[in-house]
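Student: Provide a 3D model corresponding to the input given below.
(one chain, ligands or ions: 2)
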Amino acid sequence: MTPSIVLGIETSCDETAVAILATEGTGIKILGEAISSQIDVHARYGGVVPEIASREHLAALPLLCENLLAEARIGSDSLDAIGVTVGPGLKGCLLVGLVYSQAVASALSIPLVPVNHIEGHLVSHELSHGPLEAPYLALVVSGGHTELHRVEGFGKYAIIARTRDDAAGEAFDKSAALLGFPYPGGPALAALADTVPSSRFSLPKVSREMSDFSFSGLKTAVMLQVSKNRSLLLEDGSARAEMACAVQSAILETLIQKILAARRATGLTKLVVVGGVSVNRSLRARLGAEFGADVIFPAPKHCTDNGSMIALAASKRLSLGSSIHSSVEVRSRWPVEEMIL
Ligand code: KG4
Ligand code: ZN
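Tutor: Ligands and ions are numbered 1, 2, ... in the order given. So this is what the prediction gives:
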């Protein structure tokens, strides 16, 4: 890998995130990173409103980049390349990041590297732990994605399972909304769930036969349980925590059963878990008990969307000589296993 300084830009959903990364060989140094979250703006609508998200990115991105360069004490002429998320994600949001990046890259006459957001998550653990020797299993578990891959190396992904409907983070957030938490309620639901050791409520068990993940049935089951126990949940604080515990267990059990089945089927013993839900303490504890030192999680700030993971994925693509397209388009859908080097 030749030494390079890469600016990473991420605008695929509701976080405007930027970072400057210096890489040399397998060495990685984060020179600066910044994030502008839109959660407060979307919370009043109970979810991400795409048009508003695009406008927020447009307002935040130029200043965020300017401040980042100033704080990292990097002149724009020191940048070797820009990596930008071009998919999967919300089209209008991706366009803001792409058009801005194209303008800056063209003004500086440096390459622009289109990055797959999922590939960004898939390398995010390396920001803290360095490269992991392939092959290994990798679970991407976030608000928009839930997919389990067999990783043979950078750019070599084979899908094992992905969600047929809702993502795991979405299941956390939708269940949390039913329990009265403001959007995105996943972290608050998880924190409440961890205050009780068990639950008097039961939710549907994982379907072991199904090869993919599915979480939409859980949402319906939670809705039924909440309406059946409405007054109990209002009067008894412990009941609300136990309902949160039942929801968390159902989601985590689905993830864990599929991972264990994949370990048996592939014989792979190493596991990487990335994406917003990989912050979850119970998930970390359960997988830690199963995999010991062979399970790796990114630092919490790199589990959720961030610019450093995009800069790293771009830097790897650049050093491996992947072609830089002059005409790049955004892609709302872009399965990461289609990213062939
Ligand atoms: O990766 P991310 O920032 O955005 C997407 O690419 O979707 O993930 C955000 C998701 C949200 O659904 C949020 O509720 C969930 O991650 N999340 C959690 C926790 N922290 C964040 N879910 C469960 N437990 C947590 N501690
Ligand atoms: Zn993400």
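Student: so who does Glu112 touch?
Tutor: Wrong residue type there; residue 112 is Leu, not Glu. Leu112 is in contact with 81-84, 101-102, 105, 324, 328, counting by CB atoms under 8 Å, 6 or more residues apart in numbering. Quick note: C-beta positions are derived from backbone N, CA and C, even for glycine.
Student: could these be laid out in TSV, adding pLDDT?
Tutor: Formatted as TSV, the contacts of Leu112 follow (pLDDT from 0 to 100):
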residue	pLDDT
Ala81	97
Ile82	97
Gly83	97
Val84	98
Ser101	98
Gln102	97
Ala105	97
Ile324	71
Val328	89
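Student: What is the nearest of the residues you listed to Asp165?
Tutor: When the contacts of Leu112 are compared for distance to Asp165 (CB to CB), Val84 wins out at 29.0 Å.
Student: and the nearest residue to that closest one once chain neighbours are set aside, how far is that from Gly153?
Tutor: In space, and not counting its chain neighbours, Val84 is closest to Ser101: 4.0 Å by CB to CB, 6 or more residues apart in numbering. Look at Ser101 and Gly153: by CB to CB, to the nearest Å, they are 27 Å apart.
Student: more crowded one of the two?
Tutor: Neighbour count, other CB atoms under 10 Å: between Ser101 and Gly153, Ser101 has more, with 25 against 12.
Student: Let me know the helix or strand that that one is in.
Tutor: For Ser101, the host element (DSSP states H and E) is helix 91-108.
Student: And the next helix or strand past that helix?
Tutor: Assigned by DSSP H and E, the successor of helix 91-108 is strand 112-116.
Student: could you give the angle of that next one to helix 91-108?
Tutor: 160 degrees (axes from the mean of the first three to the mean of the last three CA atoms, to 10 degrees).
Student: by contact count, what packs against the helix or strand immediately after strand 112-116 in the chain?
Tutor: Next in sequence after strand 112-116, counting helices and strands by DSSP H and E, comes helix 117-123. Applying 3 or more CB pairs under 8 Å, 6 or more residues apart in numbering; DSSP states H and E, one finds that helix 117-123 contacts strand 4-10, strand 81-87, strand 136-141, strand 146-153, strand 271-274, helix 307-319.
Student: Compute the inter-axis angle for the longest one and helix 91-108.
Tutor: Yep, that's helix 307-319 we're talking about. Going by the same axes, to 10 degrees, helix 307-319 makes 60 degrees with helix 91-108.
Student: Please apply the same query to the fourth one.
Tutor: For the pair strand 146-153 and helix 91-108, the angle between their directions (the same axes, to 10 degrees) equals 30 degrees.
Student: Could you give the average pLDDT over strand 146-153?
Tutor: The average pLDDT for strand 146-153 rounds to 98.
Student: ok, and what's touching that strand?
Tutor: 118, 122, 134-140, 157-163, 167-169, 213, 215, 255, 258-259, 262, 266, 268, 272, 336-337.
Student: Give the buried subset of those residues as a ChimeraX selection command.
Tutor: Selecting the buried subset of these in ChimeraX, with 16 or more other CB atoms under 10 Å as the burial test, is done by:
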select :118,122,135,136,137,138,139,140,157,160,161,162,163,167,168,169,213,215,255,258,259,262,268,272,336
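Student: List the ones among the contacts of strand 146-153 that fall in helices.
Tutor: 118, 122, 168-169, 255, 258-259, 262, 266 (DSSP state H).
Student: And the strands in the stretch 151-300 of the chain, which stretches?
Tutor: Using DSSP state E, counting those that start in this stretch, the strands of the stretch 151-300 of the chain run over 156-162, 271-274, 295-296.
Student: if I look at Gly307, how far off is ligand 1?
Tutor: 12 Å (CB to the nearest ligand atom, to the nearest Å).
Student: ok so, going back, closest to Pro298 out of the helices and strands packed on helix 117-123?
Tutor: strand 271-274 (5.7 Å).
Student: how far does the helix or strand of the chain with the lowest mean pLDDT sit from the chain's center?
Tutor: Lowest by mean pLDDT, DSSP states H and E among the helices and strands of the chain is helix 39-43, with a mean of 92. Helix 39-43 has its average C-alpha position 18 Å from the chain's average C-alpha position, going by CA atoms, centre = their mean, to the nearest Å.
Student: So what touches it?
Tutor: So helix 39-43 is contacted by 14, 48-49, 52-53, 56, 182-184 (CB under 8 Å, 6+ apart).
Student: Ok, stretch 165-184 next?
Tutor: Under CB under 8 Å, 6+ apart, the answer for stretch 165-184 is 39, 42-43, 45-47, 141-146, 185-186, 188-190, 213-216, 218-219, 222-223, 226, 233, 240, 243-244, 247-248, 251, 254-255, 275-277.
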